[in-house]
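1. coords below, sequence missing:
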């Protein structure tokens with residue numbers, strides 16, 4: 001079985017994952033409607049893969065929220081806190097080389113997090129599925145989930161769900 005690469009992320013209605021300064025106050029300030037399937041999704045994951053900026057943002061949340069091994073992609077040296085040494089690994093690999101490395105480890109499913117990382121994997125044609133929860137807020141400018149593409153990427157809607165708090169979650173297969 002080939003390695004499955006998935007995205008599970010939230011965006012503002014205008015397509016941003018954070019403000020320009022990386023702040024996600026608009027994301028956490030609203031009414032909660034549960035975990036939106038996140039726990040079920042995470043139960044299928046072998047590795048979480050994120051970039052350095054996302055890793056540094058996660059460290060500001062006040063606790064480590066992952067029970068899976070996390071791979072941080074970075075070309076720069078990163079100091080990993082002692083309490084995370086057995087949970088976090090830093091690799092300087094491009095998307096295709098990382099997928100080969102993860103396949104060698106017999107993993108079946110990875111979760112990509114962070115805009116730049118997601119964009120790089122999409123451009124390489126390595127993303128299989130994307131679950132995108134749209135938060136009903138316009139923030140005007142920020143860090144986009146999707147960047148420039150050399151060609152169109154076609155998607156097939158697998159599932160769509162709306163929640164009482166007006167969040168809308170769409171799950172897509174990348175064709």
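-> Received, thanks. Note that the structure is a prediction, hence the values are computed from the model and not measured.
2. in this protein, which spans are helices?
-> 25-28, 38-42, 52-59, 95-104, 115-123 (DSSP state H).
3. now do the contacts for the residue nearest the centre of the chain.
-> In the chain, the C-alpha closest to the average C-alpha coordinate belongs to residue 113, at a distance of 2.1 Å (C-alpha atoms, centre = their mean). Remark: with contacts taken as C-beta atoms under 8 Å, 6 or more residues apart in numbering, residue 113 is in contact with 7-9, 48-50, 54. To be clear about C-beta, it is placed using only N, CA and C from the backbone, and glycine gets the same treatment.
4. adding neighbour count, write the residues you listed out as CSV.
-> Written out in CSV, the entries for the contacts of residue 113 read as follows (neighbours: other C-beta atoms under 10 Å):
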residue, neighbour count
7, 22
8, 21
9, 16
48, 24
49, 26
50, 24
54, 24
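5. what about the strands in this protein?
-> For the chain, the strands defined by DSSP state E cover 4-12, 16-18, 47-51, 69-73, 88-91, 109-113, 129-135, 143-144, 155-162, 168-174.
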